[in-house]
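Colleague: just to be clear, the model below is a prediction. Sequence and coordinates:
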Amino acid sequence: MIYTNLITNPSFTDGTTGWTGNNVTLSTSTTEHLYGVSSLTLTTTATSNTWAYTNSISVTAGETYTLSSYVLSATTTRNMYVQVTWYDASSTIISISNGTQVASSSSDWTRVSVTADAPALATTAICYVVIATPASGEVHYVDAVQFENSILATQFIDSYSQTQETDITNDGMRKLLEGDPETKPYITGLKLEGDISINGLVLNSIDENKVVWVCTDIEGWWNLPDPEIPDIPRGLDDGSYDVRGRWKARDLVLKGSILPPTPAYGAVARQTLVEALALVYTGGWLLVNEGTVKSAYVRLYGKPTLENVNARGRIDFTLPLRSVDPVKYSWNPNDANGITTTNLTPVAIGNTTSTVITNEGNTDVTAVFSITGPMTAPAYIKNTTTNSAIKIIKSLRSNSYVADTTSRSRTSGVSTLTTSSPHKFLVGDIVTVANVAIATFNGTFTVTAADTSTISYADPGKVITSATLLSNTVAVIADSHGFSTGETVYISNLGYPYDGTYILANASTNSFSYARTAADADTAYDGKASRDITSGSDAADVTLTNTDTLQIDTYNTTVLYRGLPDSARSTIDVDVDWIKLEPGPNNIIVEKTAGTPTSATIKYKSGWIG
């Protein structure tokens with residue numbers, strides 16, 4: 001998918017227009033360039049604060065932007081990076097987003113980038129390409145600068161004029177007549193909008209090698225998919241019952257041509273297409289801009305054909321694709337999977353306040369609802385437009401939940417706490433333990449076992465660097481272990497014959513030993529030693545660290561509670577409507593008995609069947 005490049009003169013076809021230098025002299029080079037006909041040349045005049053920067057660019061606060069650029073050094077490798085400086089309406093700097101410094105090459109163009117959210121109150125930004133601490137008089141090149149409203153740096157597509165596009169296309173299609181410099185056009189006036197992409201490969205575009213990628217048709221995309229309606233005969237009379245059918249998978253055939261300037265670039269383009277078509281083990285997104293960008297997740301369902309049709313290197317291709325979901329979905333360019341996420345405002349039961357979610361398509365679509373506690377059951381998610389609802393019958397806990405303990409013990413590397421009253425902790429919870437008199441019980445842990453009055457978690461123990469069994473004695477190296485001679489310690493993660501519970505001997509700061517009757521063994525590494533501790537009384541606190549989350553996916557009719565599928569389905573009522581969004585506005589309500597969730601969201605895409 002192509003995003004709008006907000007940079008003026010990104011491949012420097014108009015010289016240095018739109019760019020300013022600081023401690024560098026700006027010019028253009030027609031010998032070193034990646035796209036178009038020239039690149040920006042930065043000749044340093046100082047050893048710091050050396051950069052080129054753009055004019056001010058309008059941005060929207062809270063949205064994600066990615067700045068990227070290709071860089072190349074003439075002789076000396078230097079660290080280079082890109083930077084975005086964010087300004088408010090009064091042109092005051094709010095913050096600066098720096099990309100990772102990357103060593104530029106003197107032989108290959110290197111891409112540098114930074115992705116950041118425009119901060120609150122941001123209205124404009126200025127983009128920089130920075131050379132870190134160069135020597136004066138160095139020469140570096142910059143090309144294909146891209147600033148886009150996107151979560152990642154996408155393929156750079158040069159902004160060719162219609163005349164340039166036509167000339168390149170004509171040149172790629174002319175016959176090769178030895179000694180004849182004139183061109184003979186076969187395709188003219190083709191406007192390349194970059195409006196179709198398959199698995200990230202943009203079609204109807206010209207790439208950095210001046211290879212023209214043309215999509216001529218997508219059979220099956222513009223029509224309805226095949227229907228499937230079961231035939232159920234009537235018991236005693238003629239004819240059949242009128243029953244609801246379904247749409248079958250959508251079969252597509254993507255056709256097009258690759259028009260390289262020379263046969264050598266045709267081989268490169270062929271490999272690029274083959275890599276984009278690795279859609280057997282996993283699928284990829286087919287994106288088509290029909291005014292609204294629509295998407296389908298596709299795989300290959302037949303063998304692609306790539307045919308060389310002339311000596312110039314032109315390749316015609318036919319790609320059989322299948323989208324198992326026949327619906328064409330809208331695509332949000334700010335999300336890697338094209339999903340739109342909207343916040344829902346929880347209200348008390350009976351309140352009519354709703355969030356309007358608009359399905360811009362012509363067919364029902366599903367959604368994913370996510371709620372982060374605390375929230376007291378029963379609670380409801382409702383689509384009052386379609387009169388459907390999901391009842392949540394299990395409360396969601398907050399991370400403020402605390403239980404008191406009365407005793408503690410540790411055996412075989414497992415710490416166990418007993419609570420003063422029945423608790424609400426579950427296996428998999430992340431908890432913080434505090435105020436136990438023995439410090440090694442305190443910290444943040446994952447609950448490995450729980451019943452109504454106890455919880456257990458693994459003791460992190462002390463790291464064993466090495467252990468060697470010789471003459472029925474194990475010699476252990478463990479830095480600053482803190483154990484004493486005569487203590488009972490549980491050894492783990494070393495394997496046979498080392499693991500088990502033993503009484504220590506010869507304990508010093510960084511070593512100890514224990515008796516083990518077994519044949520001599522090779523040295524083992526990276527084990528763990530944990531002190532066994534008998535039961536004792538402590539009035540400690542256990543706090544839930546992870547707030548409960550509930551995710552309801554009406555596409556797959558699945559539920560995740562705390563990120564886990566185990567018993568998650570029991571959090572919602574058995575009699576459930578898997579809410580869909582019908583075409584047009586849908587009034588969505590999250591009703592709560594008590595407790596305001598930290599967040600409640602809906603993820604969705606509009607859908608078209610035709």
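Modeller: Sure thing, it's come through. Residues are numbered from 1 along each chain as shown.
Colleague: can you give me the offset of the longest helix anywhere in the chain from its chain's centre?
Modeller: For the chain, the longest helix by residue count, based on DSSP state H, is helix 263-276. Computed by C-alpha atoms, centre = their mean, to the nearest Å, the chain-centroid distance of helix 263-276 equals 28 Å.
Colleague: got the domain boundaries for this structure?
Modeller: The chain resolves into domains spanning 19-148, 162-231+245-330, 354-396+547-608, 402-459+539-544, 462-531 when parsed by automatic domain parsing.
Colleague: can I get these in a markdown table including mean neighbour count, distance to Thr345 and mean pLDDT?
Modeller: All C-beta spots, glycine's among them, are computed from the backbone N, C-alpha and C. A markdown table is the format used below for the domains of the chain (neighbours: other C-beta atoms under 10 Å; distance: least, C-beta to C-beta, whole Å; pLDDT from 0 to 100):
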| stretch | mean neighbour count | distance to Thr345 | mean pLDDT |
| --- | --- | --- | --- |
| domain 19-148 | 18 | 18 | 93 |
| domain 162-231+245-330 | 16 | 23 | 84 |
| domain 354-396+547-608 | 18 | 6 | 92 |
| domain 402-459+539-544 | 17 | 25 | 91 |
| domain 462-531 | 16 | 48 | 94 |
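Colleague: need the nearest residue in space to Phe446, chain neighbours excluded.
Modeller: To be clear, residue 446 is Thr; Phe isn't right here. Distances taken as C-beta to C-beta, 6 or more residues apart in numbering put Ile430 closest to Thr446, at 5.6 Å, once the chain neighbours are dropped.
Colleague: again, but for Ala478
Modeller: Of all residues not flanking Ala478 in the chain, Ile464 sits nearest, at 4.8 Å (C-beta to C-beta, 6+ apart).
Colleague: and the one you found, that one's in a strand?
Modeller: Yes. Counting by DSSP: H, G, I helix; E, B strand; the rest coil, Ile464 is found in a strand.
Colleague: separation between it and Pro346?
Modeller: 50 Å (C-beta to C-beta, to the nearest Å).
Colleague: grab the most central residue of the chain for me.
Modeller: By C-alpha atoms, centre = their mean, the chain has its centre lying nearest to Ala336, at 5.9 Å.
Colleague: for it, which non-adjacent residue is spatially closest?
Modeller: Ala336 sits nearest to Ile151 (C-beta to C-beta, 6+ apart), 6.0 Å away.
Colleague: quick one: the one you found and Asn332 touch, right?
Modeller: No. With contact defined as C-beta atoms under 8 Å, Ile151 does not count as touching Asn332 (10.0 Å).
Colleague: who's the residue nearest to Val274 when sequence neighbours are not counted bridged to?
Modeller: Nearest non-adjacent residue to Val274, counting by C-beta to C-beta, 6+ apart: Leu306, 7.8 Å away. Beta-bridge pairing of Leu306 under DSSP bridges involves Phe317.
Colleague: how about the contacts made by Leu306?
Modeller: Counting by C-beta atoms under 8 Å, 6 or more residues apart in numbering, Leu306 makes contact with 270, 273-274, 315-317.
Colleague: I'd say Pro565 and Thr558 touch.
Modeller: Yes. Look at Pro565 against Thr558 with C-beta under 8 Å: they come within range, at 7.0 Å.
Colleague: find the residues that touch each one of the two.
Modeller: With C-beta under 8 Å, 6+ apart, Pro565 and Thr558 have no common neighbours.
Colleague: about what we covered before: and what about the residue nearest to the centre of the chain, helix, strand or coil?
Modeller: What three-state DSSP gives for Ala336 is coil.
Colleague: quick one, phi/psi of it?
Modeller: Taking degrees, to the nearest 10, you get phi -60, psi -30 for the backbone angles of Ala336.
Colleague: pretty sure it contacts Thr154?
Modeller: No. Taking contacts as C-beta under 8 Å, Ala336 lies outside contact range of Thr154: 11.0 Å.
Colleague: tell me the helix or strand right after the strand or helix carrying Ile390.
Modeller: Ile390 is part of strand 388-392 when elements are defined by DSSP states H and E. On the C-terminal side of strand 388-392, the nearest following helix or strand under DSSP H and E is strand 402-411.
Colleague: quick one, which of the domains of the chain is nearest to Thr340?
Modeller: For the domains of the chain, proximity to Thr340 was assessed by C-beta to C-beta; domain 354-396+547-608 is nearest, at 6.0 Å.
Colleague: just how off-centre is the closest one within its chain?
Modeller: Offset of domain 354-396+547-608 from its chain centre (C-alpha atoms, centre = their mean): 23 Å.
Colleague: so which residues of the stretch 301-450 of the chain form strands?
Modeller: Secondary structure of the stretch 301-450 of the chain by DSSP state E, counting those that start in this stretch: the strands cover 305-308, 315-323, 328-330, 340-343, 346-348, 355-359, 367-372, 379-383, 388-392, 402-411, 414-419, 430-434, 443-450.
Colleague: isn't Ser466 up against Val474?
Modeller: No. The pair Ser466 / Val474 is not scored as a contact, 10.4 Å apart, by C-beta under 8 Å.
Colleague: mind listing the helices in the protein by residue range?
Modeller: Applying DSSP H to the chain gives helices spanning 162-173, 263-276.
Colleague: okay, angle between the last one and strand 315-323 too, please.
Modeller: Think helix 263-276. Between helix 263-276 and strand 315-323, the angle comes out at 10 degrees (axes from the mean of the first three to the mean of the last three C-alpha atoms, to 10 degrees).
Colleague: how near is the residue nearest to Thr444 when sequence neighbours are not counted to Phe445?
Modeller: Sequence neighbours aside, Thr432 is the residue nearest to Thr444 in space, at 4.9 Å (criterion: C-beta to C-beta, 6+ apart). If you measure Thr432 against Phe445 using C-beta to C-beta, the figure is 8 Å.
Colleague: identify the residues contacting the closest residue to Lys580 other than its chain neighbours.
Modeller: Leaving aside its sequence neighbours, Lys580 sits nearest to Asp364 (C-beta to C-beta, 6+ apart; 4.4 Å). Contacts for Asp364 (C-beta under 8 Å, 6+ apart) come out as 580-583, 607.
Colleague: who touches stretch 308-321?
Modeller: 172-176, 198, 251-260, 262-267, 269-270, 273, 277, 279, 286, 298-307.
Colleague: kindly report the same for stretch 286-303.
Modeller: Applying C-beta under 8 Å, 6+ apart, the external contacts of stretch 286-303 come out as 1, 193, 195-199, 218, 221, 250-252, 254, 277, 279-280, 282-285, 319-325, 328-331, 333, 338, 360, 605-606, 608.
Colleague: distance check, Gly137 against Thr60.
Modeller: According to C-beta to C-beta, Gly137 stands 41 Å off from Thr60.
Colleague: now do the same contact list for the closest residue to Ser38 other than its chain neighbours.
Modeller: Among residues not flanking Ser38 along the chain, Thr28 sits closest, at 4.3 Å (C-beta to C-beta, 6+ apart). Contact analysis of Thr28 by C-beta under 8 Å, 6+ apart lists 12, 15-16, 38-41.
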